[in-house]
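In: whatever this is, show me its structure:
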Amino acid sequence: MSEQALGATGADPAMTGQHTAQARVNKHKADWRGWKFMWPFAVVFVFVFIIPIVYAIYISFFKKQMIGGTRFVGLENYSRLLVDQQFWSSVGRVA
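Out: The predicted structure follows:
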């Protein structure tokens, strides 16, 4: 290396803690290589965890009847839940 590249101390600027403008630019550049390892987990996580939760919330707005199929009831299931003593008893046991 030339004397100018090594600096006054004779050491490489990267080794002495001094950074060049090029090193500073690359330090803030986004690195997407790690996401390649994450996508299989993300796909499984969405299909095994997120979709079932969203589906459970969706079906909680319906009431299944033996005759007549399913009927949309909106928040009626939740309002019944809030006044149900058996629900609050079970919450107390779990807590």
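In: use CA for all of it now, contacts and neighbours both
Out: Fine.
In: tell me the helix or strand right after the host helix or strand of residue 42.
Out: Here residue 42, judged by DSSP states H and E, is contained in helix 35-45. Remark: after helix 35-45, the chain's next helix or strand is helix 51-59, criterion DSSP H and E.
In: which SS state does residue 70 fall under?
Out: strand (DSSP: H, G, I helix; E, B strand; the rest coil).
In: ok, and the closest non-adjacent residue to it?
Out: In this structure, residue 70 finds its nearest non-sequential neighbour in residue 64, 4.4 Å apart by CA to CA, 6 or more residues apart in numbering.
In: just to be sure, that neighbour is in a helix?
Out: No - counting by three-state DSSP, residue 64 is not found in a helix; it is strand.
In: state the distance from it to residue 42.
Out: Relative to residue 42, residue 64 is positioned 33 Å away (CA to CA, to the nearest Å).
In: returning to what we had before: does the residue nearest to residue 70 touch residue 77 like I think?
Out: No - contact between residue 64 and residue 77 fails when scored by CA atoms under 8 Å: they sit 11.4 Å apart.
In: need the overlap of contacts for those two.
Out: Residues touching both residue 64 and residue 77 (CA atoms under 8 Å, 6 or more residues apart in numbering): none.
In: poorly predicted segments of the protein, please.
Out: Low-confidence segments of the chain, defined by pLDDT under 70: 1-28.
In: how about a cut-off of 90?
Out: 1-36, 65-69 (pLDDT under 90).
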